[in-house]
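Asks: let's see this in three dimensions:
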Amino acid sequence: QVQLVESGGGLVQPGGSLGLSCAASGSMYRINTMGWYRQAPGKRRELVAVITDTFSTDYGDSVKGRFTISRDNGKRTATLQMNNLEPEDTAVYYCNAKIITTPQADVGTYWGQGTQVTVST
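Replies: Numbering: from 1, shown residues only. Just a heads-up that it's a prediction; the model follows:
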């Protein structure tokens, strides 16, 4: 049973920094991409950042230059470093991963439970 467990998040003032971590556990053959999405109240879930197993990255336009995603393939973890946070970054952040569980399996999409990030004075 593959699971994604997130840590980090919380309350931070505008201009501050925060880090999120995601750890994948369970039996798996390969993790293709790991990433973060977010959903604010009344809005659609949107891409924040994604990183491939060869460390190529992509970011949502609103976070480019402020957020950095990284991963450790050996530890099966992904980290999102968020700097210069703005109130508009307030949302529930979800870890996402595309994982192949066995060499014969198709790639599956997995989600974490979500962690709240609030940027406010």
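
Asks: distance of residue 109 relative to residue 29?
Replies: 15 Å (C-beta to C-beta, to the nearest Å). Glycine gets a C-beta too; all of them are placed from N, C-alpha and C.

Asks: ok, now residue 19?
Replies: 28 Å.

Asks: ditto for residue 107
Replies: From residue 107 to residue 29 the distance is 10 Å (C-beta to C-beta).

Asks: same check, this time on residue 45
Replies: In terms of C-beta to C-beta, residue 45 sits 27 Å off from residue 29.

Asks: so between these two, which is more surrounded?
Replies: Using other C-beta atoms under 10 Å, the more surrounded residue of residue 45 and residue 29 is residue 45, with 15 against 12.

Asks: correct me if wrong: the more buried one contacts residue 96.
Replies: No: using C-beta atoms under 8 Å, residue 45 makes no contact with residue 96, being 9.5 Å away.

Asks: still on that earlier bit, list residues touching both of residue 107 and residue 29?
Replies: residue 100 (C-beta atoms under 8 Å, 6 or more residues apart in numbering).
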